[in-house]
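Engineer: Coordinates only, no sequence provided:
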């Protein structure tokens, strides 16, 4: 998949999955605008790092305009920025709920709206990083589950309305992604995952990045409004 010359904005590029996404785009030849709020982004060839607080709608629009202004074009946006706290629903406050839903959904909404403005004449690709928890809830993640379900439906709605401009909007829904220390922190969960997933392994950030690169590539020009599940097949495992 050759994306040579294209410009891609990846939000949340300082996190594990965001770094993997940015790395795979750079490997495909894209020029990457790597967004971060806290932390640091990986230095990549033909890339630029931009800081913004995406809980602020105006900052989302400024980020997209800056990404577009870097080289005068914007071909793809990956809305990856988000949070995933664990909290029981019974003790959750409205402020707790908003902190997750606003962060995960508002940024994707505002960045997509801003991207559509600059892509209106040339077309482009927008991908939200959702989750398999958007369709199958997990304990302690009521706010996160709801936010990911909202991203899936937002992408379908945006695909419907922006398709006439040649703008494609999709979601990638990862399963459990490996990270340093996960096996030690949650050994029982990792064992259950590996026993349930037909491919018998956890995912990697690069697995997610490859899916995003595909959706932004010329190989996916007739794909929009789709939720691409990247979970090693765990979703097909019977629950009874």
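Structural biologist: That came through fine. None of the values given here were measured: they were computed from a predicted structure.
Engineer: Wait, residue 173 touches residue 212, no?
Structural biologist: No. Contact criterion Cβ atoms under 8 Å: residue 173 and residue 212 do not qualify, at 11.7 Å. Heads up, the C-betas are built off the backbone N, CA and C, glycines and all.
Engineer: more neighbours, the two?
Structural biologist: residue 212 (29 against 24; other Cβ atoms under 10 Å).
Engineer: For the more buried one, pull up the helix or strand it's in.
Structural biologist: Counting by DSSP states H and E, the element that carries residue 212 is helix 205-216.
Engineer: what's that helix in contact with?
Structural biologist: The list of residues contacting helix 205-216 from outside it, by Cβ atoms under 8 Å, 6 or more residues apart in numbering, reads 1, 3, 6, 8, 16-25, 28, 30, 75-76, 78, 125, 127, 129, 168, 170, 172, 174, 177, 220, 223, 228, 230.
Engineer: Residues contacting stretch 138-146, please?
Structural biologist: Contacts for stretch 138-146 (Cβ under 8 Å, 6+ apart): 83-89, 92, 96-97, 99-101, 104, 131, 133-134, 137.
Engineer: What is the subsequent helix or strand relative to the longest helix anywhere in the chain?
Structural biologist: Longest helix of the chain, by residue count under DSSP state H: helix 142-162. Sequence-wise, the next helix or strand downstream of helix 142-162 (DSSP H and E) is strand 167-174.
Engineer: Next, the angle from that next one to helix 142-162.
Structural biologist: Put simply, strand 167-174 runs at 160 degrees to helix 142-162, going by axes from the mean of the first three to the mean of the last three Cα atoms, to 10 degrees.
Engineer: Quick check: buried residues in the next helix or strand along the chain from strand 167-174?
Structural biologist: Scanning forward in sequence from strand 167-174 by DSSP H and E, the next helix or strand is helix 182-185. When burial is assessed from 16 or more other Cβ atoms under 10 Å, helix 182-185 yields no buried residues.
Engineer: Appreciated, that's everything.
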